[in-house]
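# Below: sequence and its predicted model.
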Amino acid sequence: MADPSAGLLAAFALVVLATVVVALMLVRRAYAGADGQLGSERSVFRAFVAVGCWMAFTAALAVSDVLSDFDRRPPLLPILVAISFALAIAIAFSRFGTRVMEGTSLAWLIGFQGFRLPLELVMHRAAEEGVMPIQMSFAGQNLDIISGATALLVAWLISRGLATKRTPWLWNILGSALLINIMVVAILSLPMFARWGPEQLNVWISHAPFVWLPTLLVPCAVIAHLLLWRKLLRH
């Protein structure tokens with residue numbers, strides 16, 4: 001893994017910050033509907049504290065280098081990723097997730113996933129710098145940039161009343177499939193599998209701040225997809 005440039009670090013941090021801010025905005029909108037301003041601010045604060053603690057915890061693990069020790073048995077990074085995925089599912093089906101799902105429109109649930117567009121551009125730059133393996137970018141096996149670009153378009157169409165009833169279903173199928181694809185590619189690129197060889201290993205996510213990709217950004221995408229599935233199936 002090459003040393004990341006200052007520009008790459010700044011761009012990645014900006015994507016993370018923007019994603020968290022928009023997510024908190026959705027929480028505020030969802031809770032403001034019934035509880036009013038006081039209820040929404042309290043909910044945003046609780047969500048902010050929870051996200052902040054999780055980010056601090058995962059960053060501390062990355063800085064301590066325990067996540068990059070792939071000779072450890074069992075390695076901690078896959079365990080942390082599995083916990084992150086489990087938390088995402090739990091949140092999506094919790095009372096909190098139900099509240100956000102009910103208080104958020106289809107356009108916002110889909111439009112939120114637009115963060116995947118700049119994220120994929122940042123990941124492509126990481127691959128160009130030798131920080132990330134090439135197969136995890138859109139120059140390799142990752143086509144998730146399509147999800148980010150189409151999310152913005154579909155959200156606009158829905159907000160303008162120009163989308164058909166099938167549009168959000170089709171987009172969610174596409175986005176879910178592309179998300180699963182890159183998750184599989186990322187797992188197979190870990191040192192214990194090395195599907196694309198020893199020169200293209202996925203070790204960058206064991207370092208800060210890139211550890212927030214599998215522990216924060218991917219879970220955000222998973223939660224948004226699950227909430228959208230719940231909303232579509234309910235209505």
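Yep, that arrived. Numbers count the residues shown, from 1 in each chain.
# Find the least confident helix or strand in the protein, judged by mean pLDDT.
Within the chain, no helix or strand scores below helix 6-63, which has a mean of 90 by mean pLDDT, DSSP states H and E.
# Would you mind identifying the next helix or strand past that one?
Downstream of helix 6-63, the first helix or strand assigned by DSSP states H and E is helix 76-92.
# List the buried residues of whichever helix or strand comes after that following helix.
Taking DSSP H and E as the definition, the helix or strand that follows helix 76-92 towards the C-terminus is helix 95-103. Buried residues in helix 95-103, counted by 16 or more other Cβ atoms under 10 Å: Phe96, Gly97, Arg99, Val100, Met101, Gly103. The C-beta positions use only the backbone N, C-alpha and C, and glycine is treated the same way.
# what about the last one, distance to Ala151?
Which is Gly103. Between Gly103 and Ala151 the distance is 19 Å, computed by Cβ to Cβ, to the nearest Å.
# Likewise for the first one?
Computed as Cβ to Cβ, the Phe96 to Ala151 distance reads 22 Å.
# now the buried residues of helix 95-103 as JSON lines including pLDDT and distance to Ala10?
Output for the buried residues of helix 95-103, formatted as JSON lines (pLDDT from 0 to 100; distance: Cβ to Cβ, whole Å):
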{"residue": "Phe96", "pLDDT": "95", "distance to Ala10": "32"}
{"residue": "Gly97", "pLDDT": "97", "distance to Ala10": "32"}
{"residue": "Arg99", "pLDDT": "94", "distance to Ala10": "34"}
{"residue": "Val100", "pLDDT": "95", "distance to Ala10": "30"}
{"residue": "Met101", "pLDDT": "96", "distance to Ala10": "33"}
{"residue": "Gly103", "pLDDT": "92", "distance to Ala10": "33"}
